[in-house]
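*Asks:* Quick one: sequence plus predicted model below, questions after.
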Amino acid sequence: MFKKLIYTFSLVLVLSVVMTIEAQADLVAWWRFEEGSGDTASDNSGNGHNGTLLGTPEWGVGAEGSGGAVVFNPDGCVGVDCGIFDPTDGTGQFSLALWAFWDGTGTFQHFLTKSNGWGATTMMFQVELWGAHTNSTYTDRVGVSYDPAGSMEFSIMPKNEWVHLTWTFDGTDLRVYVNGVDEVGPKPFSIGPNVDATVFIGVDYNGGRIFEGLLDEVRIYSHALSQVEIMSAMKGEPWPYAFGPDPEDGALNLDTWANLNWSAGDFAVSHDVYLGDNFDDVSNGTPGAPGFRGNQAGTSLLVGFPGFPFSEGLVPGTTYYWRIDEVNETDPNSPWRGDVWSFSIPPRTAYYPDPADGAESVDVNVELSWTAGFGAKLHTAYFGDNFDDVNNAAAGAPRGTDTYTPGPLEVAKTYYWRVDEFDSLATHKGDVWSFTTEGAVGSPNPSNGAVDVKPTTILSWNPGVLAASHEVYFGTDADVVKAAAKTSPEFKGTRALGDESYDPGKLELETTYYWRIDEVNSVHPDSPWIGNVWSFATGRFLVVDDFESYNDIDPPDPASNRIFDKWIDGFGTTTNGALAGNDLPPYAEQTVVHGGAQSLVYRYDNAAKTSEATLALVYPRDWTEEGVAKLSLWVRGDGANAADQIYVALNGTAVVYHDDASATQLSGWNEWVIELSVFGVDLTNVNTITIGIGTKNAPLPGGGQGTMYFDDIRLYRPG
């Protein structure tokens, strides 16, 4: 009777779900600006958000010299009124993709506005360009604003060239792509409610902040585009692949059934569906092989019910993988293989502990909490300062809440805890988690789990509040380092309070290392405090300069390490037009970076000069070490720069020029790889590296001005 009731309910639910499912278009609006005349810009998405050109309509030639575009300026077209609608289509997410040609003039300007004025309840968001801003942090940069979240700046906007820009917001993080490249990375952000405000292109809500230049191919999506989707929008080509998975890729599905939805590729007639709990089956699947669930016309699939895949229900604690290949038998390029997406069913055990497993500097009065396991009714918490005791504990008192307060704890101590879940049928033993209270040794550098660490790194940490000295343990085996004592070879000595650093010497490339710091105070009964085991992995390269070590400390402070004191430029000379770094802090560039947190900003003026910045090398000087054979550096220019060549010189004489004679105008980050053999010098003793712009030792140098960025100068092995 009970089983029959379940099946009856399931069938009713299935029918109700299936009948209410419709594929949702992710493209909210699309203004191609192909009209060429008149004051109307049609919405090519089919959603009816046609725009009205304000002021005196002016049309121009579109991106890449084809099609149309709208010319914006205060004396011509002063914006496009697109009516009132929700750019997120109710999802709380959006992407804005467009082509822009900025003439480089003006101050505050808008690409898109959904606002009735600055305020938490009057604006949804504004997509902006800040031009000649009084704050150099924002000058010439693009970004997004919302009152409580503030103005979030991203990349510098190139001038006098067509640039493709995409802003994506996934509900938590904001990204900006310039010509398809995410130059800055994600930044936490938030947007406002769907206010009753008009959506404007190229102007703010009250007719100000008019964009100065041309806009083309403006698209709004109701989800955060992936990079491949952005490239498709950038090229203006049809998108043949399935996209927009629901549940989102990596999502946690809170039921033992799911309704899988996706958006169809532009050429799709039907869809090959792959689904399973084995990644390889789904990734490598072909029709008829394991993981293949059939071909279908619709863009949804119900799973976890009788008569559907996984008819017995999805299994808690399991990750499921799925892939959609788009099919059109009349097209020779069919099928179009999709990405492998995933979603997970919560485990029956407790998960998402707070504090997180391995957390440091936890308050001694902490309240522990967790997310209850799937179907859990009661929770039993075990707590202590010994892993084995907590792991083996049994017969605890169950509780109905998913929190536990262990009481005031000791400072600088590691504790362990476990939560078992009872779901009316069985008890599910949880993992053992740990955290360390405030006052313990912490803030390891390199950070725990860091990768691509340079092989000459110096380890450092913050001392515990009770420490009088530190015992250092270091090795290549995690278990050995964890169990090591002062008699072990992994013991590397004692450091006095105030000397929180250890130099392990030159490390091997592509190797994982483990280290531990025990805090010692002979007058304290709890001493020593055994530290956690941290790890990091070296990269497959030697670092010439990653620009991360430079600071904003001025002389005579002995800690001063300013970038322009190491990269010697043309300051104070009449023959060298280079200026390395910024005049005021931050001296190193901290927004336009390729990797890490800093890069080298390099301004040049080649009027009767050649520009050079030179670094005297300490390490590495042997450029044959570890079998390295290639020099790699990342270069970023700007289309508004004066066109010129760039070069690298070793030891002041051996020069290699970039293949592009106008490399100063390269947009986005570009890797420049040079075979070391072409320098033709003794690579075992390289004492300087020079980055130059122009022609080295030219008898009559000359040229213009511009700004370049350089980052991540490395030496790689072949391959």
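*Replies:* Great, that's in hand.
*Asks:* mind listing the strands for the stretch 451-600 of the chain?
*Replies:* 459-462, 469-475, 491-496, 501-502, 512-520, 533-538, 541-545, 567-568, 578-580, 600-605 (DSSP state E, counting those that start in this stretch).
*Asks:* so which of those strands is the most packed in?
*Replies:* Highest mean neighbour count among the strands of the stretch 451-600 of the chain (mean count of other CB atoms under 10 Å): strand 578-580, with a mean of 25. Where C-beta positions appear, they are placed from N, C-alpha and C, glycine not excepted.
*Asks:* In its sheet, which strands sit next to it, and in what direction?
*Replies:* Counting by DSSP bridges, the strands paired with strand 578-580 are strand 600-605 (antiparallel).
*Asks:* helices or strands next to the next helix-or-strand element following the partner strand in the packing?
*Replies:* With elements assigned by DSSP states H and E, the helix or strand that comes after strand 600-605 is strand 611-616. Packed against strand 611-616 by the contact rule (3 or more CB pairs under 8 Å, 6 or more residues apart in numbering; DSSP states H and E) you find strand 567-568, strand 578-580, strand 600-605, strand 688-693.
*Asks:* for the stretch 251-400 of the chain, what spans make up the helices?
*Replies:* With DSSP state H, counting those that start in this stretch as the criterion, the stretch 251-400 of the chain has helices at 279-283, 387-392.
*Asks:* what angle sits between the top strand by length along the chain and strand 611-616?
*Replies:* When the chain is parsed with DSSP state E, its longest strand is strand 705-716. Orientation of strand 705-716 against strand 611-616 (axes from the mean of the first three to the mean of the last three CA atoms, to 10 degrees) gives an angle of 30 degrees.
*Asks:* For residue 595, grab phi and psi.
*Replies:* Reported as degrees, to the nearest 10, the phi and psi values for residue 595 are phi -140, psi 150.
*Asks:* For it, give me the pLDDT.
*Replies:* Looking at residue 595, its pLDDT is 86.
*Asks:* Excluding sequence neighbours, find me the nearest residue to it.
*Replies:* residue 712 (4.9 Å; CB to CB, 6 or more residues apart in numbering).
*Asks:* mind listing what the one you found touches?
*Replies:* 546, 594, 595, 596, 632, 633, 634 (CB atoms under 8 Å, 6 or more residues apart in numbering).
*Asks:* let's go with 6 Å and repeat that
*Replies:* For residue 712, the contacting residues are 546, 594, 595, 634, by CB atoms under 6 Å, 6 or more residues apart in numbering.
*Asks:* Quick check: residue 360 vs residue 442, distance?
*Replies:* Counting by CB to CB, to the nearest Å, the separation of residue 360 from residue 442 is 4 Å.
*Asks:* Residue 409 contacts residue 437, doesn't it?
*Replies:* Yes. At 5.2 Å, residue 409 counts as touching residue 437 under the criterion of CB atoms under 6 Å.
*Asks:* follow-up on the earlier one: which of the contacts of residue 712 tops the neighbour count?
*Replies:* residue 594 (21 neighbours; other CB atoms under 10 Å).
*Asks:* so what's it up against?
*Replies:* Counting by CB under 6 Å, 6+ apart, residue 594 has contacts 634, 669, 711, 712.
*Asks:* Tell me if I am right that residue 81 is in a strand.
*Replies:* Yes. Assessed with DSSP: H, G, I helix; E, B strand; the rest coil, residue 81 lies in a strand.
*Asks:* Share the number of residues neighbouring it, please.
*Replies:* Around residue 81 there are 17 other residues, counting by other CB under 10 Å.
*Asks:* same question, the one 5 residues further on
*Replies:* Under the neighbour criterion other CB under 10 Å, residue 86 is assigned a count of 18.
*Asks:* and if you look at the one 10 residues further on?
*Replies:* Residue 96 has 24 neighbouring residues, counting by other CB under 10 Å.
*Asks:* Quick check, pLDDT for it.
*Replies:* pLDDT at residue 96 comes out at 96.
*Asks:* any idea how far residue 633 is from the residue nearest to residue 595?
*Replies:* 7 Å.
*Asks:* do residue 81 as well
*Replies:* From residue 81 to residue 633 the distance is 47 Å (CB to CB).
*Asks:* Quick one, which of the helices of the stretch 251-400 of the chain gets closest to residue 696.
*Replies:* Nearest to residue 696, of all the helices of the stretch 251-400 of the chain, is helix 279-283, at 50.3 Å by CB to CB.
*Asks:* which regions of this protein sit below the pLDDT cut-off?
*Replies:* 1-25 (pLDDT under 70).
*Asks:* For the residue sitting nearest the centre point of it, give me its contacts.
*Replies:* The geometric centre of the chain, computed from its C-alpha atoms, lies nearest to residue 185 (CA atoms, centre = their mean), at 4.0 Å. Counting by CB under 6 Å, 6+ apart, residue 185 makes contact with nothing.
*Asks:* who's in contact with residue 473?
*Replies:* Per CB under 6 Å, 6+ apart, neighbours of residue 473: 481, 484, 490, 491, 516.
*Asks:* what pairs with the spatially closest residue to it that is not a sequence neighbour across the strands?
*Replies:* Take residue 473 and drop its neighbours on the chain: the residue closest to it by CB to CB, 6+ apart is residue 516, 4.2 Å away. Applying DSSP bridges to residue 516 gives these bridge partners: residue 473, residue 533.
*Asks:* now do residue 650
*Replies:* Going by DSSP bridges, residue 650 forms beta bridges with residue 654, residue 689.
*Asks:* How many residues are close by it?
*Replies:* That count, for residue 650 with other CB under 10 Å as the rule, works out to 23.
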